[in-house]
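[1] sequence? don't have it. structure:
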């Protein structure tokens, strides 16, 4: 079955991931209409797929020749296209970083559930070849994760629409949400405690320039006995200082396990160590990450079984980030069993 889709926003990953993936999957997706606030970009994308352009997302979602909405950039309208899709009963692929308050996210989650539509949040880190191989090694050679160190460093004034290799541009809160989800996926269990720290920026950058949180995956009331993940996101280097930004970058994810340690750099670099020494694998994938994600969405829409885990995972990760901010404000560790505020 070929899905007829409409594109809402193109985003920073259009050229590298979403555009090529849709062309490669022309047997599964037919792009009918494009809505993008930059008219020239909309016309270019529409011409590539023989589609038409519209000025507003509501006109796109209301079309009868659309089965699903691919939301690839939040732009000025934020989460409104998701709510419009719920009203029209259209499936949603959310590849945009949405900086939502918890109450907004709770309302969107409820609306999606009530509408009964297929919804998929894009988490490319999960599907990268390095992550999938790491999960295999954890199950076979490395053993259970004990400590995780997850780092991300971005330009301080990273403007919306700029491209980050392999990842869509997103606000810092959205970046933290995906990093939290990545660690939850690697550990394979739910976190129980969180501690957060935010550093206020100065000068031209008044927002936080560094955010860090520690996730404790210990069971019950025994903190510190299970896996612990330290997650940090820094935006303290000006965008013009390219040499400084790329100088001695830390591994995107370092995982210390029972029987070894692994270093992951996306999308396909994995170096791991055990008693036998150093191992470096050449990781190839049959399909690029963008194609794999869209194939999953296609199955979610065409399957008779409704897929809700992505919605739950996205909401859970957002709750953890919000609780980390609360931890910073109150100066204490927060139990994730406490209701979010």
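    Okay, I see it. Here the structure is a predicted model, which means the values were calculated and not measured.
[2] where exactly do the helices run in the protein?
    Shown for the chain, the helices assigned by DSSP state H span residues 19-24, 39-49, 57-61, 80-88, 102-115, 124-127, 129-137, 172-187, 242-245, 289-302, 309-330.
[3] out of those helices, flag the one nearest residue 151.
    Shortest distance between residue 151 and those, using Cβ to Cβ, is found for helix 172-187: 8.7 Å. Where you see a C-beta, it was placed from the backbone N, CA and C, and this is true even at glycine.
[4] show me what the closest one is packed against.
    Applying 3 or more Cβ pairs under 8 Å, 6 or more residues apart in numbering; DSSP states H and E, one finds that helix 172-187 makes contact with helix 124-127, helix 129-137, strand 145-155, strand 208-216, strand 228-237, strand 253-257, helix 309-330.
[5] would TSV of these with distance to residue 196 be doable?
    What follows is the helices and strands packed on helix 172-187, written out as TSV (distance: least, Cβ to Cβ, whole Å):
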stretch	distance to residue 196
helix 124-127	21
helix 129-137	24
strand 145-155	14
strand 208-216	5
strand 228-237	10
strand 253-257	19
helix 309-330	3
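[6] and the end-to-end length of stretch 75-89?
    Taking Cα to Cα, to the nearest Å, the first and last residues of stretch 75-89 lie 22 Å apart.
[7] who touches it?
    8-9, 36-37, 57-58, 60-62, 69, 71, 91-92, 94, 98, 100, 104, 108, 111-112, 114-117, 119, 160 (Cβ atoms under 8 Å, 6 or more residues apart in numbering).
[8] what residues sit buried inside it?
    Neighbour-count burial for stretch 75-89, with 16 or more other Cβ atoms under 10 Å as criterion, is recorded at 75, 77, 79, 81-86, 88.
[9] mind checking the pLDDT average for that stretch?
    For stretch 75-89, the mean pLDDT works out to 90.
[10] any idea how far it is from the chain center?
    Relative to its chain's centre, stretch 75-89 lies at 18 Å (Cα atoms, centre = their mean, to the nearest Å).
[11] which intervals of the stretch 151-300 of the chain have sub-threshold pLDDT?
    Scanning the stretch 151-300 of the chain for pLDDT under 70 picks out 157-173, 201-207, 220-221, 285-286.
[12] and the helices and strands packed on helix 172-187 as JSON lines, adding distance to residue 51 and mean neighbour count?
    Output for these, formatted as JSON lines (distance: least, Cβ to Cβ, whole Å; neighbours: other Cβ atoms under 10 Å):
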{"stretch": "helix 124-127", "distance to residue 51": "24", "mean neighbour count": "22"}
{"stretch": "helix 129-137", "distance to residue 51": "31", "mean neighbour count": "19"}
{"stretch": "strand 145-155", "distance to residue 51": "32", "mean neighbour count": "19"}
{"stretch": "strand 208-216", "distance to residue 51": "39", "mean neighbour count": "21"}
{"stretch": "strand 228-237", "distance to residue 51": "36", "mean neighbour count": "20"}
{"stretch": "strand 253-257", "distance to residue 51": "38", "mean neighbour count": "21"}
{"stretch": "helix 309-330", "distance to residue 51": "26", "mean neighbour count": "19"}
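[13] and residue 185, which of these is closest to it?
    helix 124-127 (5.3 Å).
[14] so what secondary structure elements neighbour that closest one?
    Contacts defined by 3+ Cβ pairs under 8 Å, 6+ apart place helix 124-127 against helix 172-187, helix 289-302.
[15] out of these, flag the one nearest residue 198.
    Comparing those by their distance to residue 198 (Cβ to Cβ), the top pick is helix 172-187, with 9.8 Å.
[16] and the angle for the closest one with strand 253-257?
    If you take axes from the mean of the first three to the mean of the last three Cα atoms, to 10 degrees, helix 172-187 sits at 30 degrees to strand 253-257.
[17] centre of the chain to helix 172-187, how far?
    Offset of helix 172-187 from its chain centre (Cα atoms, centre = their mean): 7 Å.
[18] how far off helix 102-115 does it point, in degrees?
    Orientation note: helix 172-187 sits at an angle of 60 degrees relative to helix 102-115 (the same axes, to 10 degrees).
[19] who touches helix 172-187?
    In contact with helix 172-187 (Cβ under 8 Å, 6+ apart) are residues 97-99, 123, 125-126, 131, 134-135, 138, 145, 148, 150, 152, 154, 170, 190-191, 207-208, 211, 213, 215, 217, 227, 229, 231, 233, 235, 253, 255, 313-314, 316-318, 320-321, 324.
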